[in-house]
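Novice: Need a 3D model of the sequence below.
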Amino acid sequence: MTIDEVKHAPTGPVLSDGTPLSELIDKDFREVSLRVLVDPELYQLELKHIFAKAWTAVAHEDEIPNVDDYVLRYVGEDEVIISRAANGEFTVALNVCAHRAAKVCRFEAGNAKTFQCAYHGWVYKSDGTFVGAPIAREDMHGLLRPKSELGLAKGRVETYCGMIFVTFDENAPTLREYLGPMTYYWDLMFDRTRGGMTVLGHPQRFIIKANWKSAAEQFAGDIFHTLSLHRSMQELQLLSTEGESQEPAMAGVSASHNGHFVRCFDLTQEHYVNALKGKNLAEMTPMERLHLVPPPGMSPDMVDGLAERFDDGQLKILAEFTPQVGQLWPNVAALCMPFQFPDGTPSAFLSWRVWVPRGPEHFELFHWSLVERDAPQELRDTVNLMTAATFGISGFVEADDTDTWPMQTHAARGALGKDQKLRYQAITGENKPDDWPGPGKIYAGFPKDDTQWNFWVRYTEMMEGRAW
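Specialist: Numbering: from 1, shown residues only. Okay, the predicted model is just below:
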């Protein structure tokens with residue numbers, strides 16, 4: 001083979017029509033074929049190489065506060081039971097009977113010490129351990145395998161910021177290793193107080209007629225679309241000052257690592273929050289600024305505790321470049337954004353979100369609303385109201401996104417459309433400011449396509465079997 005042939009030789013999986021994945025994701029031009037949004041073969045490979053291996057969030061620990069509480073959720077298309085044990089730890093077990101594959105749990109949430117399969121009556125403890133089958137004297141579970149090998153398949157479970165994460169890959173790194181330097185920023189959004197955050201009930205759930213990657217790649221760094229798609233935020237005066245352009249709100253710093261992403265918005269510009277107008281910001285310490293404009297969802301009397309939890313670099317970021325939106329690869333996103341009512345009253349919206357695949361052309365959006373557990377009730381109420389008004393089933397911002405993502409999937413169905421491209425050619429390149437204290441790949445300035453392209457780089461690695 002020539003050098004050019006070696007350079008362009010197919011890598012990774014090859015589809016049944018002979019098309020290699022490397023042909024669908026062009027690394028030279030940073031282009032992705034729309035076929036990746038509808039192809040059923042690729043979808044099955046995603047379930048195997050991504051969702052069966054990566055860490056993903058399935059529930060918040062406050063959803064199952066008591067021993068033997070449980071909820072049903074999904075890892076890819078695999079239904080799992082998340083339950084709380086007597087020692088307070090969590091179990092995530094596949095909802096597939098080890099006998100003949102029927103469900104052992106058929107309710108979305110509840111409390112149960114055991115689960116019994118309706119098909120042949122096999123019984124399991126709430127942690128998935130096999131108890132026995134009916135007519136024990138006949139050994140209906142058989143004698144070829146010991147009972148210890150007949151339990152439900154279990155994943156590895158860890159928690160972060162109250163969210164329960166799971167992976168079914170024994171070779172995966174720990175959750176903290178998986179998240180890497182991104183916890184430096186995500187702690188500033190969701191682990192700011194001793195009491196932590198709590199969720200307001202179980203998540204909202206609704207089906208979107210689009211491929212899960214449409215949502216995931218957007219939340220991997222597309223801030224630019226807010227200028228057009230979410231122009232209503234400016235028109236309703238929920239973000240920028242009346243009469244001013246929303247464009248300056250694009251200023252900030254993006255951090256990326258292994259497909260994970262967070263955007264830190266520039267608060268050094270007084271336009272961003274009305275309370276900063278007319279203040280001599282350059283002479284204020286980070287804590288003084290934070291008392292003036294507390295992090296989203298916090299009240300001024302909660303700010304003093306931040307100095308006990310974070311170092312000087314994190315306090316500087318929280319005060320001047322607060323992290324507000326991000327995604328943990330592959331399908332977990334979050335929002336921690338300051339908003340204001342039209343009269344200028346400050347509020348925020350706080351949400352964890354998971355894009356759960358439901359076939360190549362559909363995904364289910366799980367949306368949790370959060371509040372600081374120790375926040376005053378009035379603030380909790382306004383945050384709850386603002387979160388519901390902007391995102392979730394009733395959210396006007398959500399309506400913008402969920403109207404757009406299906407357009408991409410619809411376009412990919414056509415014989416001509418599937419060969420069109422998603423393009424990520426607006427490039428900043430890594431440009432970490434000298435005084436930036438945070439880790440990761442850093443892209444300062446107007447948000448471009450760098451971190452979204454990093455999403456596709458990580459996607460390619462996982463699909464080619466280079467997970468770890």
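Novice: Look at residue 179 and give its secondary structure.
Specialist: Three-state call for residue 179 (DSSP: H, G, I helix; E, B strand; the rest coil): helix.
Novice: list the contacts for it?
Specialist: 55, 160, 186, 260, 328 (Cβ atoms under 8 Å, 6 or more residues apart in numbering). (Each C-beta comes from the backbone N, C-alpha and C, glycine too.)
Novice: Tell me the spacing between it and residue 206.
Specialist: Per Cβ to Cβ, to the nearest Å, residue 179 is found 27 Å from residue 206.
Novice: for residue 143, same thing?
Specialist: Applying Cβ to Cβ, the value for residue 143 to residue 206 is 47 Å.
Novice: ok, the two, which is more surrounded?
Specialist: Applying other Cβ atoms under 10 Å to residue 143 and residue 206 shows that residue 206 carries more neighbours, namely 12 against 6.
Novice: My reading is that that one is in a strand; is that accurate?
Specialist: Yes: counting by three-state DSSP, one finds residue 206 located in a strand.
Novice: Can you give the contact residues for whichever helix in the chain runs longest?
Specialist: Ordering each helix of the chain by length in residues (DSSP state H) puts helix 396-413 first. Helix 396-413 has contacts (Cβ under 8 Å, 6+ apart) with 34-35, 37-38, 208-211, 214-215, 218, 229-230, 232-233, 361, 365, 367, 389-392, 417-418, 420, 422.
Novice: In strands only, show me these.
Specialist: Taking DSSP state E as the definition of strands, the contacts of helix 396-413 contribute 208, 365, 367, 422.
Novice: For the stretch 301-450 of the chain, which residues score under the pLDDT cut-off?
Specialist: Nowhere does the stretch 301-450 of the chain drop to pLDDT under 70.
Novice: where do the strands sit along it?
Specialist: Along the stretch 301-450 of the chain, counting by DSSP state E, counting those that start in this stretch, strands occupy 323-328, 332-340, 346-357, 363-372, 421-423, 441-444.
Novice: contact partners of the second one?
Specialist: Pointing back at strand 332-340 there. For strand 332-340, with Cβ under 8 Å, 6+ apart as the criterion, the contacting residues are 56-57, 163, 186, 189-190, 215-216, 219, 237-239, 273-274, 293, 295-297, 322-328, 346-355, 386, 390-391.
Novice: Next: the last one.
Specialist: Contacts of strand 441-444 with the rest of the structure, by Cβ under 8 Å, 6+ apart, involve 252-257, 428-433, 436, 450-451, 454.
Novice: List buried residues within these.
Specialist: Buried by 16 or more other Cβ atoms under 10 Å: 252-257, 428, 436, 450-451, 454, out of the contacts of strand 441-444.
Novice: and the gap between residue 403 and residue 356?
Specialist: Residue 403 is 20 Å from residue 356, where distance means Cβ to Cβ.
Novice: And the two? Which one has more around it.
Specialist: More crowded of residue 403 and residue 356, by other Cβ under 10 Å: residue 356, with 21 against 12.
Novice: tell me the contacts of that one?
Specialist: If you count contacts by Cβ under 8 Å, 6+ apart, residue 356 has them with 74, 76, 212, 331, 363-366.
Novice: Which secondary structure element is home to residue 454?
Specialist: Taking DSSP states H and E as the criterion, residue 454 maps to helix 450-463.
Novice: What residues are bridge-paired with residue 165?
Specialist: residue 57, residue 158 (DSSP bridges).
Novice: And residue 340, by the same measure?
Specialist: For residue 340, the beta-bridge partners are residue 346 (DSSP bridges).
Novice: That one: neighbouring residues, count only.
Specialist: Neighbour tally, residue 340, other Cβ under 10 Å: 20.
Novice: swap in the one 3 residues further on?
Specialist: Neighbouring residues of residue 343 were enumerated by other Cβ under 10 Å; the total is 6.
Novice: Pop out the phi and psi values for it.
Specialist: Main-chain dihedrals, residue 343, degrees, to the nearest 10: phi -80, psi 0.
Novice: Just grab the bridge partners of the closest residue in space to residue 116 that isn't next to it in sequence for me.
Specialist: Distances taken as Cβ to Cβ, 6 or more residues apart in numbering place residue 123 nearest to residue 116, at 4.8 Å, with adjacent residues excluded. Beta bridges link residue 123 to residue 116, residue 132 when assigned by DSSP bridges.
Novice: Run a quick check on residue 123 versus residue 129, I expect a contact.
Specialist: No: in this structure, residue 123 is not within contact of residue 129 by Cβ atoms under 8 Å, at 9.9 Å.
Novice: re earlier: now flag whichever of the buried ones among the contacts of strand 441-444 is closest to residue 342.
Specialist: The shortest approach to residue 342 among the buried ones among the contacts of strand 441-444 belongs to residue 252, at 24.2 Å (Cβ to Cβ).
Novice: surely the closest one meets residue 226?
Specialist: No: using Cβ under 8 Å, residue 252 is not in contact with residue 226; the gap is 11.9 Å.
Novice: Need the residue closest to the centroid of this protein.
Specialist: The chain has residue 332 as the residue nearest its centroid, 1.5 Å off, counting by Cα atoms, centre = their mean.
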